[in-house]
Structures are given as C-alpha cells and as structure tokens.
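>>> whatever this is, show me its structure:
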Amino acid sequence: MDPSPKDGESAAAAEPSRAGAAPSSGVVVQVREKKGPLRAAIPYMPFPVAVICLFLTVALTGCCVAALSLGTFVSAFTVLCGARTDLPDRHMCCVFWLNIAAALIQILTAIVMVGWIMSIFWGMDMVILASKYS
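Below is the predicted model:
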C-alpha cells in the first residue's frame with residue numbers, strides 16, 4: 001500500500017527532503033564566538049613563534065611541571081613586544097598579566113591533569129590564531 005498525502009497535506013510534504021533543497025525562508029544567522037578575558041588575551045603571534053610556544057608546552061612537559069606552561073610564559077612576553085590580542089580596550093600590561101595568570105593556572109592545576117590539557121589547548125589556540133594572523 002503506497003502512502004498518500006492526507007487531506008490538507010501537499011505531496012511535497014509527504015516526500016522526504018531531498019539533498020540540496022534550500023529552505024524557502026531567507027534567514028541569515030551570524031555566529032560570533034564570545035571569548036572570556038583569558039581566552040581573548042592569547043596573542044596573535046607570527047606562525048613560527050606560535051609553533052615554538054606549542055613545542056615548549058608539549059615537548060618539555062615531561063621534564064618538570066614548570067616547563068608545562070613555558071609556552072604560555074613566552075607568549076605573555078610577546079604581548080609586551082607588540083603582539084595584538086582580542087582585548088584592544090585593555091592596556092598592554094593588563095594583557096601581559098592575564099597571560100601570566102593563565103600560565104600559573106596551568107601550573108597549579110597540572111597535578112590533576114587539567115593544567116596539562118589546558119596548556120595543550122592553549123598552545124593549539126596560539127597556532128590557530130597565528131595561522132589566521134598570517
């Protein structure tokens with residue numbers, strides 16, 4: 001028995017939607033990522049510097065806990081050298097201290113693996129932002 005549309009339904013409504021069919025309404029949706037102050041303080045560095053910071057974070061982790069956030073410490077000093085961030089309304093020193101705070105959070109929470117994971121994601125974000133920068 002072939003299913004047919006009931007009273008008041010169109011034949012198009014009874015068919016499954018086809019690939020490539022565009023919706024009839026022309027609604028445009030814009031998505032903007034809202035960043036917290038720590039995430040927005042990650043500097044836009046040149047790509048080689050960002051890769052070095054990621055390497056310092058990942059490769060030296062086995063040496064000691066302090067090396068865990070070495071890449072974040074280096075990125076904090078790039079702010080003092082003029083690297084821009086997503087916090088244009090804050091002073092350079094404030095953004096520097098936000099990066100230092102992120103490095104300290106990574107060190108203090110490394111015991112429960114949160115800081116180690118955070119530092120890896122932080123380094124990956126540095127590389128992603130650097131690729132957008134160049």
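>>> stretch 46-59 - what's its average pLDDT?
For stretch 46-59, mean pLDDT rounds to 87.
>>> buried sites along it?
Burial within stretch 46-59, assessed by neighbour count using 16 or more other Cβ atoms under 10 Å, is assigned to 49-54, 56-58. C-betas here are computed from N, CA, C, even on glycine.
>>> could those residues go into a markdown table alongside secondary structure and distance to Ser119?
Formatted as a markdown table, these follow (DSSP: H, G, I helix; E, B strand; the rest coil; distance: Cβ to Cβ, whole Å):
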| residue | secondary structure | distance to Ser119 |
| --- | --- | --- |
| Val49 | helix | 16 |
| Ala50 | helix | 14 |
| Val51 | helix | 15 |
| Ile52 | helix | 14 |
| Cys53 | helix | 10 |
| Leu54 | helix | 10 |
| Leu56 | helix | 10 |
| Thr57 | helix | 5 |
| Val58 | helix | 8 |
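>>> and which of those is nearest Thr109?
Thr57 (14.2 Å; Cβ to Cβ).
>>> strands of the protein, start to end?
Assigned strands in the chain: none (criterion: DSSP state E).
>>> quick one: the helices in it, in order.
For the chain, the helices defined by DSSP state H cover 11-14, 37-40, 47-59, 70-80, 92-108, 114-133.
>>> for those helices, which one sits closest to Asp86?
Comparing the helices of the chain by Cβ to Cβ, helix 37-40 comes nearest, at 4.0 Å.
>>> distance check, Ala101 against Gln30.
According to Cβ to Cβ, to the nearest Å, Ala101 stands 31 Å off from Gln30.
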